[in-house]
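Asker: Quick one: sequence and predicted model below, then my questions.
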Amino acid sequence: MNPSHLKLLRKAHDLDRSGEGLEAVGAYREFLALEPRHSSAWSNFAGQLLVMNQLDEAQDACDKALLLDPRNLSARVNSACILMQRGDWEASEGQLRQVLTSDPQRTDARLALARCLIKKGDPGAAEQEVGKVIHCEPGNVSAHQLLGGILYPLGRWSDFRAEIERFRRHDPNSAYLEFETGFLDLLFGEMPRGWDRHEARLRVPGLVGPVRHFAQPAWDGEPFPDRTLLLHYEQGLGDTLMFVRYAPLVKALGGRVLLEVQPSLADLVATCSGVDEVIPHGEPLPPFDLQLSLMSLPRVFRTDLSSIPCGIPYLDVPREIPHQKVFADLLALAQAHGKARVAVVWAGSPAHKRDEERSIPAAELAPLAAFPEVAWFSFQLGRQELPPLPNLVSLAPLLTDFSATAYALSGMDLVITVDTALAHLSGAMGIPTLLLLAFQPDWRWMLDREDSPWYPSLRLYRQPAPGDWNSVIQRVLADLSGS
């Protein structure tokens with residue numbers, strides 16, 4: 001192989017390991033254009049495409065790898081993972097067991113099998129498979145993470161903490177363990193210690209995104225008069241909506257405050273006081289002196305349960321709204337019939353790693369049809385099946401960005417939603433919202449409470465057992481009916 005080609009392959013591997021997916025894909029493409037008969041590179045390329053949910057191209061890369069080398073077990077594992085991601089769990093399990101028959105020590109196949117068993121609803125069998133890996137490789141990080149992913153949704157907190165302590169003996173300086181412990185702290189409302197530990201997320205490759213390489217120093221919370229601070233988003237849309245609330249506190253300590261966010265949120269978050277300029281991600285940044293992630297602001301301000309900034313609303317409807325007249329006509333029509341306007345969202349993004357837990361099958365909402373005098377509006381995006389609610393109007397074609405969504409929400413009397421960005425938006429706007437939560441929710445909703453200190457207008461409805469959405473819907477119906 002040409003040495004310059006080998007250098008390019010190493011670059012692709014390094015980018016892959018550091019979590020810089022787009023750059024890794026580009027490097028793999030460049031290498032494979034020069035070395036199209038390199039089976040293992042096709043397999044690694046497929047793995048990176050799989051992570052980015054580009055399933056068709058990932059399968060094509062697996063096929064190329066196997067055509068060149070039918071014994072390439074990595075390609076077979078990736079192909080099984082593609083089947084898993086497409087929901088064909090039986091075929092995925094069968095293919096992974098075939099790989100393990102050929103090579104029982106194949107760790108990636110056994111962990112993939114465990115993930116498949118989780119999706120099939122058999123966490124006990126999944127735990128056994130992970131245990132086999134840990135027995136052979138006690139310091140395997142992926143096995144530790146996957147075991148935590150089994151224990152967390154079941155609320156097995158003592159087992160989870162015991163696993164953290166077991167793994168700490170193998171890697172006492174692990175940033176991931178620090179992050180994981182902070183996650184539990186925040187789930188149990190143990191602030192600000194949880195915020196301190198939560199900073200470890202920034203030291204774990206691939207855990208957060210987008211990857212940042214700023215030369216400017218991180219802001220430490222000190223006053224910054226006559227200087228410019230860039231606050232930048234991290235992770236999901238809901239995280240941005242949740243933590244932009246800190247902008248007024250930041251502004252009170254200094255000069256100019258810039259905010260870089262996902263493009264779909266730019267106009268909406270510009271309505272938050274304390275923000276001087278909003279820059280959609282991907283556009284050139286103005287000069288700035290200091291920078292900080294939005295999700296690091298609770299640590300800077302030493303936030304605890306009694307000091308969460310909850311001046312609601314802190315977001316408003318932008319002035320220019322697409323389809324404003326259509327929205328107005330629909331809402332006026334509902335109002336003319338004297339009905340309560342209720343927004344409903346029953347599913348999140350299919351790409352979310354806990355989507356099976358947090359999303360509700362549309363048919364599960366059927367009991368809400370008994371709630372009288374309601375004009376139902378669907379704010380659901382990306383799902384074809386609709387719940388059997390009378391005269392449900394889908395607003396999805398009109399929800400072209402979050403400005404339009406905010407305008408439509410402003411006309412609602414009530415929002416009923418699972419844990420998605422819409423819950424954060426309705427909470428930030430102060431709209432009464434019923435939030436439907438999986439048995440073990442994300443840390444921000446904590447445990448054993450029906451309210452949220454982050455959003456006073458939210459009421460939380462929790463599954464009493466994993467997968468039990470029926471009890472949640474019955475409780476909602478009882479509360480709405482006043483029974």
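Answerer: It's in.

Asker: contacts, neighbours, all on C-alpha from now
Answerer: Will do.

Asker: Report the distance from the strand or helix carrying residue 135 to the chain centre.
Answerer: Using DSSP states H and E, residue 135 maps to helix 123-136. In terms of C-alpha atoms, centre = their mean, to the nearest Å, the gap separating the centre of helix 123-136 from the centre of its chain is 26 Å.

Asker: List the buried residues of the helix or strand following it.
Answerer: Sequence-wise, the next helix or strand downstream of helix 123-136 (DSSP H and E) is helix 141-151. Neighbour counts over helix 141-151 (16 or more other C-alpha atoms under 10 Å) mark 141, 143-151 as buried.

Asker: Moving C-terminal from helix 141-151, which element do we reach first?
Answerer: helix 157-168.

Asker: show me where the stretch 301-450 of the chain has strands.
Answerer: Secondary structure of the stretch 301-450 of the chain (DSSP state E, counting those that start in this stretch): strands at 340-345, 374-378, 393-394, 414-418, 433-437.

Asker: The last one: partners in the sheet, and parallel or antiparallel?
Answerer: Sheet pairing for strand 433-437, assigned by DSSP bridges, gives strand 414-418 (parallel), strand 458-462 (parallel).

Asker: thinking again about what came up before, so which of the strands of the stretch 301-450 of the chain gets nearest residue 161?
Answerer: strand 433-437 (22.8 Å; C-alpha to C-alpha).

Asker: Next, the angle from that closest one to strand 340-345.
Answerer: With axes from the mean of the first three to the mean of the last three C-alpha atoms, to 10 degrees defining the directions, strand 433-437 sits at 30 degrees from strand 340-345.

Asker: what's strand 433-437 in contact with?
Answerer: Defining contact as C-alpha atoms under 8 Å, 6 or more residues apart in numbering, one finds that strand 433-437 is touched by 358, 414-419, 423, 426-427, 457-463, 472, 476.

Asker: re earlier: out of the strands paired with strand 433-437, which is the most enclosed?
Answerer: Highest mean neighbour count of the strands paired with strand 433-437: strand 414-418, a mean of 23 (counted as mean count of other C-alpha atoms under 10 Å).

Asker: how distant is that one from the center of its chain?
Answerer: Between the centre of strand 414-418 and the centre of its chain there are 18 Å (C-alpha atoms, centre = their mean).

Asker: how about a markdown table for the strands paired with strand 433-437, with distance to residue 7 and mean pLDDT added?
Answerer: Putting the strands paired with strand 433-437 into a markdown table (distance: least, C-alpha to C-alpha, whole Å; pLDDT from 0 to 100) gives the following:
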| stretch | distance to residue 7 | mean pLDDT |
| --- | --- | --- |
| strand 414-418 | 47 | 97 |
| strand 458-462 | 52 | 98 |
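
Asker: Can I get those strands in a markdown table including distance to residue 368?
Answerer: Output for the strands paired with strand 433-437, formatted as a markdown table (distance: least, C-alpha to C-alpha, whole Å):
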| stretch | distance to residue 368 |
| --- | --- |
| strand 414-418 | 10 |
| strand 458-462 | 14 |
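
Asker: what's residue 279 sitting at in phi/psi?
Answerer: Main-chain dihedrals, residue 279, degrees, to the nearest 10: phi -120, psi 120.

Asker: give me the beta-bridge partners of it?
Answerer: Beta-bridge partners, per DSSP bridges, of residue 279: residue 260.
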